[in-house]
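Chemist: Could you look at this predicted model? Sequence included:
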Amino acid sequence: MNTIPFSSLPLAPALLENIASLGYTQLTPIQAEALPPILAGKDIIAQAKTGSGKTAAFGIGLLSALDFSRFSVQALVICPTRELADQVCKELRLLARFTQNVKILSLCGGVPSRPQTESLEHGIHIVVGTPGRLQEHLDKGRLLLDELRVVVLDEADRMLDMGFADIISAIMSSAPKQRQTLLFSATYAEQIREISKRFQHQPITISLDNSHHDSVIAQIFFQTEQANRLNALGYLLTHYHPESTVVFCNTKRECQDLAAALANSGFSVHALHGDLEQKQRDQVLVRFANKSCSVLVATDVAARGLDIKDLQAVINYELPWDPEIYVHRIGRTGRAGKQGLALTLCLIEEMNRVIALEDYLHITAKWDKIGSFSTNYHERFQPPMATLWIDGGRKNKLRPGDILGALTCAGGIAGSDIGKIDIFDEQAFVAIRQNQINAALAWLKKSKIKGKTFMVRKSA
Ligand code: ADP
Ligand code: MG
């Protein structure tokens, strides 16, 4: 393991202090390799497993390269999905906390574009967005790139898989030739080398081991039969009892069916797939991250880029065809050095895929038998928390402290029973320990928040 401190980099003291306050003490391996050339203004093409800290690698680069006294878009981060863009935005805002002067804007589809246009008029430094919406703003002349200094293509392989090659080319052709281009990809497919050739200038290649080591993620395989798959999954969830699990399916259809079946057998579960509206998706992700829902059933596209801290387990309900997809899936657990668990259900006729995986990852698959569990399948467990929904958010100038204050004031709920508070534009969510949820609901219903009465409900 490397132990390179951030202070060894030529960074502004306030930025360094902020990085330390985020609890980042040393550089991750990709940061150690990528940051020196990024800070030197070089183009890089970097390949590293998920959860390795790529966002902070380019984020710190951007914050060091831009001139925040000029109000123009100087950096553009292109991401494959809204979720990923949201996460990148969040991480950039955390990294930029040391100053009031950095304006970061997310430009993604699925929400109206007019407020985005208005924000663009107010002088934005860093834009993070998905290809379609970025192109729309570019075409309409609302997004100007003539002062652009840095472009980041995050999860470039995924963007190509999703068919964004042409849009990316169009966006790149609106950018100044004299610029820094940072390309991140989990793989080195031929296509990636091609876009690198087209859009980069003498890039430095950085590649880190693609396999997840057993010390970080324990991978266990279970043989099952088609007719018994759902039952087998129930046993895995009850036996390992993870506080939070993402279960992967290969199709949207399977994802919906499985979530319904699990809910039917009493599990606390939500489906995450491409058909959800933004508000529903926010709600699902909030409830999962704040521990009031323990199982998320997801497709690969929907889960791409998810970074949920403390995800204890990933289960492959269906084995993917492609070993790379397997690597992406299990990369959701064991993040930032935490021990993870990856469980995979496999039919006898799918053995060849496991052999392909062993080859790809240079591992020998470990097998276990569900029959050996002494678990009582009927022991259901409730998630530790439940969520209250509040009909107000940023637009009402609500901040986490306001909600916390309303809950805890004058003999209300104990602070230790209150979990994560998430605030969106028009709604907010607060996690409450399960056994206090009714008391908290009753309390908030008769309390004012910031002097106003809001509608409050249990979120389900
Ligand atoms: P990637 O894009 O490589 O999949 P992320 O950038 O999402 O990974 O980072 C994964 C997690 O690691 C995030 O929660 C991030 O806050 C955390 N992280 C990043 N850099 C560091 C660091 N130097 N020390 C500790 N945690 C870090
Ligand atoms: Mg990433």
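Modeler: Nice, thanks for sending it over. Ligands and ions are numbered 1, 2, ... in the order given.

Chemist: low pLDDT regions in this protein?
Modeler: Within the chain, the stretches with pLDDT under 70 are 1-2, 209-215, 304-310, 335-338, 374-381.

Chemist: Break it into its domains for me.
Modeler: Split into domains by automatic domain parsing, the chain comes to 6-207, 217-368, 385-458.

Chemist: count of neighbours near the one residue in the stretch 351-460 of the chain that gets nearest to ligand 1?
Modeler: Residue of the stretch 351-460 of the chain nearest ligand 1, by C-beta to the nearest ligand atom: residue 420 (14.6 Å). From N, CA and C alone the C-beta is placed, and that goes for glycine too. A count of nearby residues for residue 420, using other C-beta atoms under 10 Å, gives 16.

Chemist: Doesn't it belong to a strand?
Modeler: Yes: judged by DSSP: H, G, I helix; E, B strand; the rest coil, residue 420 forms part of a strand.

Chemist: where do the helices sit along the stretch 201-350 of the chain?
Modeler: 229-240, 252-264, 278-289, 300-303, 323-330 (DSSP state H, counting those that start in this stretch).

Chemist: what about the strands in the stretch 351-460 of the chain?
Modeler: For the stretch 351-460 of the chain, the strands defined by DSSP state E, counting those that start in this stretch occupy 366-368, 385-390, 418-423, 428-433, 456-458.

Chemist: Tell me which of the helices of the stretch 201-350 of the chain lies nearest to ligand 1.
Modeler: Ranking the helices of the stretch 201-350 of the chain by proximity to ligand 1 (C-beta to the nearest ligand atom) places helix 323-330 first, at 9.4 Å.

Chemist: Okay, buried residues for that closest one please.
Modeler: For helix 323-330, a neighbour-count test (16 or more other C-beta atoms under 10 Å) marks 323, 326, 327, 328, 329, 330 as buried.

Chemist: could I get that helix in PDB with only the CA atoms?
Modeler: Output of helix 323-330 as PDB, limited to C-alpha atoms (Å, rounded to 0.1, in the frame of the first residue of the first chain):
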ATOM      1  CA  PRO A 323     -16.800 -10.500 -16.800                       C
ATOM      2  CA  GLU A 324     -16.300  -6.800 -16.900                       C
ATOM      3  CA  ILE A 325     -19.900  -6.300 -15.800                       C
ATOM      4  CA  TYR A 326     -19.300  -8.600 -12.900                       C
ATOM      5  CA  VAL A 327     -16.300  -6.500 -11.900                       C
ATOM      6  CA  HIS A 328     -18.400  -3.400 -12.000                       C
ATOM      7  CA  ARG A 329     -21.100  -4.900 -10.000                       C
ATOM      8  CA  ILE A 330     -19.000  -6.200  -7.100                       C
END
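
Chemist: Give me the residues contacting that helix.
Modeler: 49-50, 186-187, 210-212, 217, 219, 246, 248, 300, 303-304, 314, 316, 319-320, 340, 342, 344, 356-357, 359-361 (C-beta atoms under 8 Å, 6 or more residues apart in numbering).

Chemist: Could you pull up the contacting residues of the closest residue to residue 348 other than its chain neighbours?
Modeler: Distance criterion C-beta to C-beta, 6 or more residues apart in numbering; nearest residue to residue 348, sequence neighbours excluded, is residue 223 at 6.4 Å. Shown in contact with residue 223 (C-beta under 8 Å, 6+ apart): 346, 347, 348, 367, 369.

Chemist: Can you show me the strands along the stretch 1-150 of the chain?
Modeler: In the stretch 1-150 of the chain, the segments counted as strands under DSSP E, counting those that start in this stretch are 44-47, 75-78, 104-107, 126-129, 150-153.

Chemist: where does residue 181 fall, helix, sheet strand or coil?
Modeler: Residue 181 - assigned by three-state DSSP - is strand.

Chemist: ditto for the one 3 residues further on
Modeler: Of the three states, residue 184 takes strand according to three-state DSSP.

Chemist: still on that earlier bit, tell me the one among the buried residues of helix 323-330 nearest to residue 54.
Modeler: Nearest to residue 54 among the buried residues of helix 323-330 is residue 328, at 13.4 Å by C-beta to C-beta.

Chemist: related to what we said a few turns ago, and the furthest pair within the contacts of residue 223?
Modeler: Of all pairs drawn from the contacts of residue 223, the greatest distance, 14.9 Å, lies between 347 and 369 (C-beta to C-beta).

Chemist: Can you pick out the residue with more neighbours from those two?
Modeler: Neighbour totals were compared for residue 347 and residue 369, and residue 347 leads with 15 against 8 (other C-beta under 10 Å).

Chemist: Surely that one and residue 221 touch.
Modeler: No: if you go by C-beta atoms under 8 Å, residue 347 and residue 221 don't touch, sitting 11.3 Å apart.

Chemist: Overlap of the contact sets of the two?
Modeler: Common contacts of residue 347 and residue 221 (C-beta under 8 Å, 6+ apart): none found.

Chemist: out of the strands of the stretch 351-460 of the chain, deepest packed?
Modeler: strand 428-433 (a mean of 25; mean count of other C-beta atoms under 10 Å).

Chemist: count of residues packed around residue 45?
Modeler: Number of residues near residue 45 (other C-beta under 10 Å) recorded here: 23.

Chemist: Pairing partners for it in the sheet, please.
Modeler: With DSSP bridges as the criterion, residue 45 is bridged to residue 183, residue 205.

Chemist: my read: it touches residue 199, true?
Modeler: No: assessed by C-beta under 8 Å, residue 45 is found out of contact with residue 199, at 10.2 Å.

Chemist: Many thanks, have a good one.
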